[in-house]
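Enquirer: Predicted structure and sequence below. I'll ask about it afterward.
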Amino acid sequence: MKHAAAWLVALGLSLTSPTLSQAEGQHMSDQEKAVKHAIETMTSAFENADIDAVMQSYEGKASILFEPGNPASDPDLQRKLFTEFASINPNYEYSGHEVVVTGDIALHIAPWTMTAKTPDGQTISQSGLSVAVLRQQNDGSWKMVIDNPHGSHLLAAAE
């Protein structure tokens, strides 16, 4: 590890994480920005209960984890669950975005918080870590293939 660190330093690199400004797009490539935009577009559509637009954010055989450890790949079930969850009017905020692109595959990681209200007026607050894998489409757009908004559940289980 010592030699690897020296090699990275010689190249002007480090073993540290990107700064928040890098994660927010200051040093993102156009492809990384496009991936981040795809996530933000889906989130906005979901907050506006535009389920058709939400579903267009995913490839046809995408796997979505609406709860930890239980992927859903059936588009009809996905649509039903998104519709039910949109009924509480969720509002999401991300505290940063990390995007890694290699070829036509991208990894998006983002901590999030969500607030919503149940039909009886009770406030709900949740937080987590979104981990999503996207694939670039023939038209250049990015669609999710795997969406796990509960990526932090393993950390909570370890505590």
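Expert: Arrived safely, thanks for sending.
Enquirer: After the host helix or strand of A110, which helix or strand is next?
Expert: A110 belongs to strand 105-117 when assigned by DSSP states H and E. Downstream of strand 105-117, the first helix or strand assigned by DSSP H and E is strand 123-136.
Enquirer: buried sites along that following strand?
Expert: By neighbour count on 16 or more other C-beta atoms under 10 Å, the buried set for strand 123-136 is 128-132, 134-136. Backbone N, C-alpha and C define where each C-beta goes, glycine included.
Enquirer: Kindly report the same for stretch 56-66.
Expert: Buried, per 16+ other C-beta under 10 Å, within stretch 56-66: 57-58, 62-66.
Enquirer: Tell me, how many residues neighbour S29?
Expert: S29: 11 surrounding residues under other C-beta atoms under 10 Å.
Enquirer: ok, it - contacts?
Expert: Applying C-beta atoms under 8 Å, 6 or more residues apart in numbering to S29 gives the contacts V101.
Enquirer: go on, S87?
Expert: So S87 contacts 49, 119 (C-beta under 8 Å, 6+ apart).
Enquirer: how close does it get to L77?
Expert: Counting by C-beta to C-beta, to the nearest Å, the separation of S87 from L77 is 16 Å.
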